[in-house]
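> when you get a sec, could you give me coordinates for this:
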Amino acid sequence: MPYTYRTLLFPFLFVPLSAWSVLAVTVEVSHQTCSYGNGGVQAAVSGGTPPYTYLWNTGATDSYLSGMPAGTYSVTVTDALSDQATAQGEVLSLPYDLVGIISGVPWCSSPRNAFEDPNVSGMQNMWTVNGMPTTLSGGGFIQFDTEPWATVYTYPVDDGNGCTGTVTGTNGPQIVGWPGLLITGVEPSCDNADIGAIHVVAAADPDPTSPFGPYVNIVRLDGPPVYQAYEVNPGQLTVDFTDLPPGEYAVHWWLGVTAEELDPGVCSYDSLFVNVPDLGSTCGSVSGRSYFDLDGDCVQDAEEVGVPYSPLLIQPGNEVVLTDAFGNFQFPLVNGSYTLEQTDPTLVPICPVDQPVSITVNTDNTYIELANGSSEPLDLAVSLAGTLFRPGFNSQYHLWVGNTSPAPSGPVTVTLELDPTLTYLTANYPPAVAGNSLTWNLPALSSFQSVSIHLSVNVPVGTPLGTALSTTALVTNTLTDAVPANDSYTDVDEVVGSYDPNDKRALTSSRASDEHYIINEDEHIDYTIRFQNTGTFLAEFVVITDTIPEELDMLSFEQGVASHPFTVSFKPGRVIEWRFDGIMLPDSTSDEPGSHGLVKFRMKPVLPLLPGTLLENIANIYFDFNPPVITEPSVLVAEFSTGVFGTNNAALELSPVPVSDRLNLTATTEIRSVRIIATDGREVRQRSIQATSGAIDVSMLRAGAYLITATMSNGSTVRKRFIKQ
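Residues are numbered from 1 along each chain as shown. The predicted structure is shown next:
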């Protein structure tokens, strides 16, 4: 006989968990400098039942006391159930322990050393560093020189009021001579296609000790501007500039945005002047259509659909062209002889039967129709992607359901199981709603037909940062589906506070790790590029370009869901371009939920894949005619499974978000040091903290997105994104 549990027999099962959590308090201390009375104490409470009241031995009733002199401070905390806890802390008088703000970028003159004015003396008396007078720069920074050159330094300081201490900092190496640059190759370009290239080699690395050395930059001297800058390949000392129009270019060394702004006009280098030849009208193209030929007559009839997003291989050159949503394709080529081959193994060529197809380009367009048959059975697939999820804000899911085969389906049912944290709001196709389960009943899908569903959800106020959200989409129909593996998709996201609204995410098929591609377990990588218009006016169009590394197979490309109507094409040089023309994307200040967008795609690595191989690339996001927003690099490392991969869940909180001057850090584990990385990979700030909380000055950083990397006392590393206003 089964047991029957009744709530009246077990009233203790419903006691709030907070009632079992013991009230506790600790006092966090900020020590005063010398005798300036600028210390502070903070009562940190855990457990008990809020709200809390505070009573210090000074009579104060706030949780945080500032402007405190040296002494011992105790606090009594009382919760809503009248439970009490006490703690005390001692504020000490300490000398200055200042940290220079200059990071490890290389310099070609004396570095502009500086540290933040603590505003104790207000610079009324003259500071000295190592016995030398200093100056006050804009933004409350005290500047000083270091002679002779010092990469790592610790100097005595005196604020002129009798308070002394030290300032410690790190500079990049001094570059006293620039290694020579040599142009090793130039590839011509065309009037109607930017296919030119400049290949450069350096005699040596100017900064072999730093992972973030100088760059080589090119500037177009005639016609519309073209700017490109790449870091020198540390192994081969090479730089390759591609996708160039014809014209005159200057090639030279370049320190990078931060260093050249701080140290303007002092770096000496010689420009190399290069001409990318103009082939004029000697460039043609190949275009055509790939379609499913139902009756095999080699003529596309009204009911016969194009094969969408199908990669075609062009040789020589290993160029790949992608059909569009209707099976059409076009690709620029320099005059010559080529072959074109359809690579989808599920298609059976009808006209022409023999492939690859030989073509000749002679300042014209060669048009090819590829009529295909197929014996592939029905295959439905689903793709799902979410935007950013923040407490108190609305977010979006974008759901794609498609028939990837020529065989028609039966009536289709789509089910979405929302994470229970989320609240459903609206959708472009209203579903049947049962709790957090959403259902759409759709008619049968014909050959290659698809449907996109866009829905809004809300993240409730008070949802803890770091909460994992898991939402699953499932598609079924009344007929047999030959490939059930792609009938469901689970999208995993994290509730965030500070964030970079433009990013590129990589998720492997096994989902065993967010940092590793597991050899013999993972089959593919799902990439999601997310973007947001954070400007002050709507964006009429958005363009995304992604240069695919050699380690990924271009022929394995599969287009996924997108937030808005788009076109996608492959460009020379392994570039994928998505265009959202006429998107009219609102800015975040006028319509925050509507200012977001995304596009998703899938690729496979080139096999065999060796352990240690990096699968890394970035995306460039263009809003109208503005310079590109460059995403943080998406990096996966190929490894064999050890069973210990996972995401570091150590707690690190940032405030305020976004930030304009001082970024506060708080963690449950002692923070040893922090580094701030710009979106192009440069380290722009670093600081030792040696405490569970601290602050780092970011006022001199340019506005934009940054990544902060914290090394913790337990050996772990925590990464967080933030926005500098």
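> apart from its chain neighbours, what residue comes closest to Ala468?
Glu494 (6.0 Å; Cβ to Cβ, 6 or more residues apart in numbering). The way it works is simple: take the backbone N, C-alpha and C, and place the C-beta from them, glycine included.
> how close does that neighbour get to Val274?
For Glu494, the distance to Val274 equals 46 Å [Cβ to Cβ, to the nearest Å].
> neighbour count for the two, which is higher?
Ranked by neighbour count (other Cβ atoms under 10 Å), Glu494 and Val274 place Val274 first, with 18 against 14.
> buried ones in whichever strand or helix holds the more buried one?
Here Val274 sits within strand 272-276, counting by DSSP states H and E. Buried residues in strand 272-276, counted by 16 or more other Cβ atoms under 10 Å: Leu272, Val274, Val276.
> and stretch 371-384, by the same measure?
Per 16+ other Cβ under 10 Å, stretch 371-384 contains these buried residues: Ala371, Asn372, Gly373, Ser374, Glu376, Leu378, Asp379, Leu380, Ala381, Val382, Ser383, Leu384.
> list the contacts for the fourth one?
I take that to be Ser374. Phe292, Thr346, Leu347, Val348, Ser405, Pro406 (Cβ atoms under 8 Å, 6 or more residues apart in numbering).
> now do Ala434 against Leu418, distance only.
From Ala434 to Leu418 the distance is 11 Å (Cβ to Cβ).
> higher neighbour count, those two?
Ranked by neighbour count (other Cβ under 10 Å), Ala434 and Leu418 place Leu418 first, with 20 against 8.
> list the contacts for that one?
Contacts here follow Cβ under 8 Å, 6+ apart; on that basis Leu418 touches Tyr424, Asn436, Ser437, Leu438, Val457, Thr471.
> which helix or strand contains the fourth one?
Just to be clear, that refers to Leu438. Assigned by DSSP H and E, Leu438 falls within strand 437-442.
> the following helix or strand past that strand pairs with which strands?
Going down the chain from strand 437-442, the next helix or strand is strand 450-458, by DSSP H and E. In the sheet, strand 450-458 lines up against strand 394-403 (antiparallel), strand 423-427 (antiparallel) (DSSP bridges).
> okay, the ones you listed in a markdown table with mean neighbour count next?
What follows is these, written out as a markdown table (neighbours: other Cβ atoms under 10 Å):
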| stretch | mean neighbour count |
| --- | --- |
| strand 394-403 | 23 |
| strand 423-427 | 15 |
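> how about Tyr706: what's its closest non-neighbour residue?
The shortest distance from Tyr706 to any non-neighbouring residue, by Cβ to Cβ, 6+ apart, is to Ile676 (5.3 Å).
> about what we covered before: let me know the closest of the buried residues of strand 272-276 to Leu538.
Using Cβ to Cβ, Val276 comes nearest to Leu538 of the buried residues of strand 272-276, at 35.9 Å.
> that closest one and Ser189 touch, don't they?
Yes - counting by Cβ atoms under 8 Å, Val276 does reach Ser189; the two are 5.3 Å apart.
> overlap in contacts of those two?
Gly196, Leu244, Pro245, Pro246.
> so which of these comes closest to Trp127?
Nearest to Trp127 out of the shared contacts of Val276 and Ser189 is Leu244 (Cβ to Cβ; 50.2 Å).
> okay, now the closest one: neighbour count?
Going by other Cβ under 10 Å, the residues that sit close to Leu244 add up to 23.
> just the buried positions in stretch 54-65, please.
Across stretch 54-65, burial judged by 16+ other Cβ under 10 Å covers Tyr54, Leu55, Trp56, Ser63, Leu65.
> quick one: the helices in the protein?
Using DSSP state H, the helices found in the chain span residues 257-262.
> list the buried residues for the lengthiest strand in it?
Secondary structure of the chain read by DSSP state E shows that its longest strand is strand 662-678. The neighbour-count check on strand 662-678 (16+ other Cβ under 10 Å) flags Leu663, Leu665, Thr666, Ala667, Thr669, Ile671, Val674, Arg675, Ile676, Ile677, Ala678 as buried.
> of the strands paired with strand 450-458, which is nearest Met712?
Of the strands paired with strand 450-458, nearest to Met712 by Cβ to Cβ is strand 394-403, at 29.9 Å.
> touching stretch 29-38 from outside, list them.
39-42, 66-70, 89-96, 118, 120, 162-163, 165.
> where does the prediction get shaky in the stretch 101-250 of the chain?
102-112, 119-125, 138-139, 147-148, 173, 176-177, 207-214, 227, 233-236 (pLDDT under 70).
> let's go with 50 and repeat that
Scanning the stretch 101-250 of the chain for pLDDT under 50 picks out nothing.
> partners of the closest residue to Leu65 other than its chain neighbours in the sheet?
Spatial nearest neighbour of Leu65, chain neighbours left out: Val41 (5.1 Å); criterion: Cβ to Cβ, 6+ apart. Counting by DSSP bridges, Val41 is bridged to Val29, Leu65.
> before we move on, back to that, could you export the buried residues of stretch 371-384 as TSV, including pLDDT?
Shown next, in TSV, are the buried residues of stretch 371-384 (pLDDT from 0 to 100):
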residue	pLDDT
Ala371	94
Asn372	92
Gly373	90
Ser374	86
Glu376	86
Leu378	93
Asp379	93
Leu380	94
Ala381	93
Val382	93
Ser383	91
Leu384	92
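> and those, which of them are in strands?
If you go by DSSP E, those have Ala371, Asn372, Gly373, Leu380, Ala381, Val382, Ser383, Leu384 in strands.
> the residue nearest to Leu65: how many residues sit nearby?
Residue crowding around Val41 was assessed by other Cβ under 10 Å; the count is 26.
> residues contacting it?
Val41 is in contact with Val27, Glu28, Val29, Ser30, Trp56, Tyr64, Leu65, Met68, Tyr73, Val75, Gly89, Val91, counting by Cβ under 8 Å, 6+ apart.
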